[in-house]
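> structural data only, the sequence is not supplied:
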C-alpha cells in the first residue's frame, strides 16, 4: 500500500483513510492482535451519525458488536485497548469474553469519544473481514427435475471425458446442494441473523414483490461456463441461469438485494452486480466436499489458509455439453442458509427465508 494513496474504508456512510502504523510486536505472537491501523477521517465527512450522549461526567458512546470480536479490541495483554484509551483520552469498557453486550466509551471530550469510536469501528470491520463466511443468501435449485438432470450430466461427463486430466467424480457438486448465490455473509450472533431476516423482509416489501409481481420467477438452468480464462485448466464450472421469458427481472432482483445488503454493511462490497451461476464442478471438492471456492479462505480464527487444488481440462466438457439443459424451475423463495449445515434430507438448511408467491 502506498503511503500517499492509503486504503479508503467506508463506515456508516463516512469515508476514512486507513494509515499504516508500525507497532511493537512480540515474538511468537500474531501481529494482527498487537497493532491496529491508524485512522484519519476525511475532511468532507461528518461524525454526526454517531450518537454521543453528554453526561455529568463527560461524554458517552456505545458500540454494538458480537462477542467473538471483543478480543481484537482488547489486544494481547490489553495493549490495543490501552493504546486507544491513551491516544483518545477515553475509557473503554468491554464485556467479558462470551458475554454479549455493548462496548462503552466514556471521556471528558466529545472529540476523543468520537475518535475512539471511529477507531473501534475500523478494528471491527478489519477483523470481521478476516472471519470465514458463516451464511449465504441464495435461491435453492434442488427441485427433483434439476437434480435428475444434473446426475445425467455427471454420468455423461464421466462417460465421455473421464480420460481428460483432472476429471473425476469427486469434483461434482452434490445435487441436493445446487443453489444460486446472491451474497455471502459473516453473521456472528443471533442478533445479526435476526437483523438479516428483517433486512430481507424489507427487501420483499419495498421491491421484490414489485419485480416478481407476486409470482414465482420461472427460470431455465441451461448451458455451462467456466470461471477462469483457460479452458484447459478449470477450477470452477457452472451452469447458467436465465429467465424463461427473456426478461432481466431475476438479475434486477438479485442486484437490488445485493445493493441493499452492501449499504447496510451486512455484505462487504466486492461487485456492483451478482454473477448468476450455479456451481456444478469445483476442484476444491476433490479434498473437501463442503468447500465453496473463494469463500473457504479462512479458519474460524481468521487465519488465512491455502487450499491446494488440481485444475481439470474442461475443453471437451465445454464442447460436448455447451448447451446442456438442467431443466426449468420456479424461484419463489430467498433463503438465509448456514454454511456446512444441512437438513434431514441433505439439503442446505435454511435459518430464514422470504416467499414472494
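Received it, and whenever you're ready, just let me know what you need. As the structure is a prediction and not an experimental result, all values here were calculated from the model.
> domain parsing for the protein?
Per the TED database, the domain ranges recorded for the chain read 52-130, 135-355.
> average pLDDT for stretch 238-254?
Averaging pLDDT along stretch 238-254 yields 96.
> re earlier: can you tell me which of the domains of the chain has the worst average pLDDT?
domain 135-355 (a mean of 89).
> what's the neighbour count on the nearest residue to residue 355 once chain neighbours are set aside?
The spatial neighbour of residue 355 that comes closest, neighbours along the chain excluded (CB to CB, 6 or more residues apart in numbering), is residue 333 at 5.0 Å. C-betas here are computed from N, CA, C, even on glycine. The number of residues packed around residue 333, counting by other CB atoms under 10 Å, is 15.
> contacts only, for residue 333.
The contact partners of residue 333, by CB atoms under 8 Å, 6 or more residues apart in numbering, come to 139, 140, 353, 354, 355, 356.
> how close does it sit to residue 213?
Applying CB to CB, to the nearest Å, one obtains 15 Å for the distance of residue 333 from residue 213.
> same thing with residue 338?
30 Å.
> helices of the chain, start to end?
All helices of the chain, identified by DSSP state H, fall at 70-74, 79-88, 110-128, 144-161, 190-203, 209-212, 249-264, 315-320.
> how near is the nearest residue to residue 72 once chain neighbours are set aside to residue 192?
In space, and not counting its chain neighbours, residue 72 is closest to residue 127: 4.3 Å by CB to CB, 6+ apart. Here the distance between residue 127 and residue 192 works out to 15 Å (CB to CB).
> do the same with residue 181
Remark: distance between residue 181 and residue 192 (CB to CB) = 19 Å.
> what does residue 59 give?
According to CB to CB, residue 59 stands 27 Å off from residue 192.
> a markdown table for the helices of the chain, including mean neighbour count?
Below are those laid out as a markdown table (neighbours: other CB atoms under 10 Å):
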| stretch | mean neighbour count |
| --- | --- |
| helix 70-74 | 18 |
| helix 79-88 | 17 |
| helix 110-128 | 20 |
| helix 144-161 | 16 |
| helix 190-203 | 16 |
| helix 209-212 | 16 |
| helix 249-264 | 18 |
| helix 315-320 | 16 |
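> relative to residue 348, which of those is closest?
Comparing those by their distance to residue 348 (CB to CB), the top pick is helix 144-161, with 13.4 Å.
> got the contact list for that closest one?
Contacts of helix 144-161 from elsewhere in the structure, counted by CB under 8 Å, 6+ apart, are 167-169, 172-173, 175-176, 178, 221, 280, 316-317, 320-321, 324-329.
> do stretch 106-116 as well
So stretch 106-116 is in contact with 47, 50, 52, 54-55, 57-61, 84-85, 87-93, 105, going by CB under 8 Å, 6+ apart.
> ok so, going back, residue 345 is nearest to which of the helices of the chain?
With respect to residue 345, and counting by CB to CB, the nearest of those is helix 144-161 at 11.3 Å.
> centre of the chain to that closest one, how far?
The chain centroid and the centroid of helix 144-161 are separated by 30 Å, computed with CA atoms, centre = their mean, to the nearest Å.
> can you check stretch 266-282 too?
Here the centre of stretch 266-282 is set off from its chain's centre by 9 Å, with CA atoms, centre = their mean.
> buried set for that stretch?
When neighbours are counted by 16 or more other CB atoms under 10 Å, the buried residues of stretch 266-282 are found to be 266, 267, 274, 276, 277, 278, 279, 280, 281, 282.
> likewise for stretch 163-173?
For stretch 163-173, the buried set under the neighbour-count rule, 16+ other CB under 10 Å, comprises 164, 166, 167, 171, 172, 173.
> list the residues that contact the residue nearest to the first one when sequence neighbours are not counted.
Spelled out, it's residue 164. Counting by CB to CB, 6+ apart, residue 313 is the residue found nearest to residue 164 once chain neighbours are left out, at 4.4 Å. Contact criterion CB under 8 Å, 6+ apart gives 164, 165, 166, 167, 231, 232, 233, 234 as the residues in contact with residue 313.
> bridging residues for the residue nearest the centre of the chain?
In the chain, the centroid-proximal residue (CA atoms, centre = their mean) is residue 184; its distance is 2.9 Å. Residue 184 has the following beta-bridge partners by DSSP bridges: residue 136.
> correct me, but it touches residue 138?
No - between residue 184 and residue 138 there is no contact, the gap being 9.5 Å when judged by CB atoms under 8 Å.
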